[in-house]
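Enquirer: Okay, predicted coordinates and the sequence, questions at the end:
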Amino acid sequence: MILEELKLRNFLSHKKTDIKFEPGTTLIVGHNGAGKSSILDGIYFALFKECDRGNLDELIYRGTRTLKVELKFRVGSKEFLAIRERKKGQTTEGRLIEITSGNRKVLATTTSSTTSIIEDIMGLSQDLFKNAIYIQQGEIDALVEKGNRAARKRLMSKLLGLDNLENAYNNMKQVNDHFKEKYDILKGEIKKIPELKQKLDEEKKRKTKTEEEIENLKKEVEALEKSHEKNEIKKEEWEKKKEQYQLLDSSLKNYKRELADREEEIKKLTKDLKEIKEAEKELAKIEPEIERLEPLLAANKKAIELKNLSIELAAEKEKLQEIQKNEKIITETEKAHKRYLEIATNLEEYAESAEKLSKSEGEYESKKTRKEEIEQKLVSRKKELENITSQIEKLGIVIDKTVEKTAKLLRERSTKLKEEIQELQEHLGKKQSAGGKVSGTIQAIEENISKLKKADNTCPLCDSELTPEHKNEILEKEQEELNKLKKRMAKLDKEKGEIEKELTQTEEKLTQLQNIVKPEAFVERAEEITSLEKEIDKLEKRIMALKEDVLHLEAIKKKRTRLAQESSELKEDYEQYLAAETTLETVNKKEVLKEVTTLEKKKNTITKDLQETLEKVKIKQNDIEEKLSQLHELKEKRTRYSTIIEKEEEVEKGLENKKQQRKEITKKITDSEKKLAKLTFTAEDYQTIINQFKSSQESLQNKRIKLQEKKTLLKELDRHIKDYQEQVQELQEEKEEYEQLGKFISLLNKVRRYYSKDGIQNRLREKAKPQIEYYTRRIFQDFNMRFTGIKLTKDYSIILQSNGEKFDIDLISGGERIAAALALRIGIAMALAGEELELIMLDEPTIHLDPQRREDLVNILIQMRNIPQVLVVSHDEELREAADKLLTVELENGISKVKK
């Protein structure tokens, strides 16, 4: 398989990236986070729709909703194009196209079929591709790390796919435990069968007994129903008697109440007739007196009219006096009224002038205040600028005559200090990173030494047999390596201290410069001072122009104050004049005089007529009201007596009618008493019949309830019998399942043993070792290495062969270990993918490698010409020498850019 072209659209940090691949070694370099490894992720995603970066939606470039990846590749003589597209929140779409002589043939249009056909074309599954073709970060280092056989064993198992078998072995224990748990549960359940059968027999016996009890109760109920029916007939007969008795008794009581009502009504009518006779006598007595006092009504009207005329005449005379009074006021206040109006006109004129000039006064005060504020601000800004200038000179910066040049000097000095800080921080970061790696290695070696010291017969690093000689040999090598690393760590700590000291001094200089003033602020202060001086000059000119208007306004204010005082003194006379004038305008003096004369004549006429009427009835004027009251009372009595007398005939007829009704009701009472005497009904006999009925009813009801309870119990027993029968049937079925499950668990245990380390894992490992050793020997020849063979032991030790001698990989030089590890890794790939391996992808192969090992890896990659296409992703530009083609990835504004 040879890669030809990759197109990334909105994939991770790649907005739009097109890469054409060529045979040979292609190196993809760039800083961490630039998007180098994303290219390998894109290849893997195009082939298999997978990516080891969590949620697939996170692959979509931020701010967009769709990604697209296209990969053109060749297998043999055929060319293919794999396309993957994904929209956020939706599934990934896939297509596979075969390209022949420019013509395109669609092979797959779904995600799953695309992946399946690609695997068929390559002859590699997804897992096999990842283990054979795609060499990931840390794999080479894991193969060469001294003494860490356990890590080497884990990596080899993963690459050979043995870890999946181990996972299957472990997972099958959970499956086995699940079925074993169910087996134990069923075992406990089927023990319940005898107990359930016994309960079933007991319930059947209870059912037979209950059925017998139900038959007996039915007979008893039938006998009670006949007895109760007789009692019910008697009860109905006596209830009819009771109804007749109650009806007659109720009628008798009503008749007696009606008789009492008639007696009361006769008594009242007799009393009313007596009152009528007395009223006729009283009416004859008061008629002559009413006739004598009747003329007083006309006299009283004249007296009221005379009183009203007197009130009206007094009001008219009061009006006349008011007119005369207001005429006098107008005469006295006319001069003051005229002067008040003159002052009002003058004040209005002055107010208009003052309003115009008051704007100038406000502006005058505002400008004076503003000038004082700016003068204070100017003094403050000049002091600030002098202070800044003094501090700049202390830093050794020469102040130029122009502010702009001084600001430029400050900016240049600040930029230079920032650049020095950045360089020191980068240098310090590299030292800290190197120190962290060394510290981690020291910790790992110390843990290995501690484990080895405590170990007895098994090596804790590789799980192999541990002899005393082998233990001492490993301890000496580990201690030697530990001592070297501690010396290197001490050197790194010293170098970090020197860099940190220089960094602190530089940062203090920058802080001191920034604390004084920023260049922009320095220019801003100088320009602000110039601006403030110009504004003060402008304000002074305007203040002088406004001062004349302010003096004129003060003179007007004095005149207005004097006139306002005089107006206040005249205001009372002015208001009296207006009030008198207004009053005189509303009345006519001649008409008032005429009305007074007319009312006096009318009053004299009425007075004369009233005196003549009083003399006729021989009553004084002061006694009119008393006699009128007496006349009113007599008339009310006459009205009341007349009303009573009018009812005389009606009362006499009513009295006769009520007496006749009394006679009829008395006869009805006598008839009802005779009928009651004929009825043979007593309350005691009736209650006895009712009690007999209730007793028989209660007995019948109790028997029926008992019968129903037995029927309910019978249904309950039927349900219990059915439940027990179903439970027994279920348990019989579970017994069969229990027996089958026992056989299945036995089979699972056999299958699990087959997947164990000593089963198929061991056989696959033994089968793969000769192929790996064979292909690795061929790679040794291609690399022109001195080794002629390789042997993998059971404990994953790597033994190298050269001219009949054997070497442990942990004991050879670092360069030879890197070469051997890379040869072994490629040998594993060829054993998995086949002899004709055309493509290898290495992701950060130099990670965890020291500078010397990185240099050795470069030399080895130069010799890798037997593999047609090699893709290497690394942040180390030292690998440039091994590349036929170089691609540089840079991150610009969050977007990855690929440059040749």
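Expert: Arrived safely.

Enquirer: how about T91, what does it touch?
Expert: Counting by C-beta atoms under 8 Å, 6 or more residues apart in numbering, T91 makes contact with T111. Where you see a C-beta, it was placed from the backbone N, CA and C, and this is true even at glycine.

Enquirer: how close does it sit to F73?
Expert: 24 Å (C-beta to C-beta, to the nearest Å).

Enquirer: Can you give me the neighbour number for the closest residue to E877 other than its chain neighbours?
Expert: Nearest residue to E877 in three dimensions, chain neighbours excluded: V29, at 5.4 Å (C-beta to C-beta, 6 or more residues apart in numbering). Residue neighbour count, defined by other C-beta atoms under 10 Å, stands at 21 for V29.

Enquirer: V29 touches S37, doesn't it?
Expert: No - V29 is beyond contact range of S37, at 11.7 Å (criterion: C-beta atoms under 8 Å).

Enquirer: helix/strand/coil for F80?
Expert: Of the three states, F80 takes strand under DSSP: H, G, I helix; E, B strand; the rest coil.

Enquirer: That one touches R74, doesn't it?
Expert: Yes - judged on C-beta under 8 Å, F80 makes contact with R74 at a distance of 7.4 Å.

Enquirer: Would you mind telling me which of those two has more residues around it?
Expert: Neighbour totals were compared for F80 and R74, and F80 leads with 21 against 15 (other C-beta under 10 Å).

Enquirer: which ones are touching that one?
Expert: K72, F73, R74, L96, I97, E98, I99, L107, I118, I121.

Enquirer: give me that answer again for 10 Å
Expert: If you count contacts by C-beta atoms under 10 Å, 6 or more residues apart in numbering, F80 has them with 1, 4, 71-74, 96-99, 105, 107, 117-118, 121-122.

Enquirer: Quick one: which of these is the most crowded by neighbours?
Expert: Neighbour counts for the contacts of F80, by other C-beta under 10 Å, peak at I118, which reaches 26 neighbours.

Enquirer: Not counting sequence-adjacent ones, nearest residue to S439?
Expert: Per C-beta to C-beta, 6+ apart, closest to S439 is M489, 6.6 Å.

Enquirer: pLDDT at that neighbour, what is it?
Expert: pLDDT, the model's per-residue confidence, is 87 for M489.

Enquirer: from memory it sits against A434, does it?
Expert: Yes - using C-beta atoms under 10 Å, M489 makes contact with A434 at a distance of 9.3 Å.

Enquirer: tell me the SS of T846?
Expert: coil.

Enquirer: That one and K899, how far apart?
Expert: 21 Å.

Enquirer: again, but for S380
Expert: S380 is 55 Å from K899, by C-beta to C-beta.

Enquirer: Go through the protein and flag its longest helix.
Expert: Taking DSSP state H as the assignment, the helix of the chain that covers the most residues is helix 193-293.

Enquirer: just checking, next helix/strand downstream of that helix?
Expert: Once the chain leaves helix 193-293, the next helix or strand it forms, by DSSP states H and E, is helix 296-394.

Enquirer: Figure out how far that next one is from the centre of its chain.
Expert: 62 Å (C-alpha atoms, centre = their mean, to the nearest Å).

Enquirer: cool, stretch 550-566 as well?
Expert: With C-alpha atoms, centre = their mean, you get 70 Å for stretch 550-566.

Enquirer: now swap in stretch 61-71 and tell me
Expert: In terms of C-alpha atoms, centre = their mean, the centre of stretch 61-71 is set 31 Å apart from its chain centre.

Enquirer: first to last residue in it, what's the distance?
Expert: 19 Å (C-alpha to C-alpha, to the nearest Å).

Enquirer: Next, the buried residues of it.
Expert: Y61, L67, V69, E70, L71 (16 or more other C-beta atoms under 10 Å).

Enquirer: contacting residues around Q422?
Expert: Taking C-beta under 10 Å, 6+ apart as the definition, Q422 has no contacts.

Enquirer: quick one: it from K416, how far?
Expert: For Q422 relative to K416 (C-beta to C-beta), the value is 11 Å.

Enquirer: ok, so what distance separates the residue nearest to S439 from E478?
Expert: Distance of M489 to E478, given as C-beta to C-beta: 16 Å.
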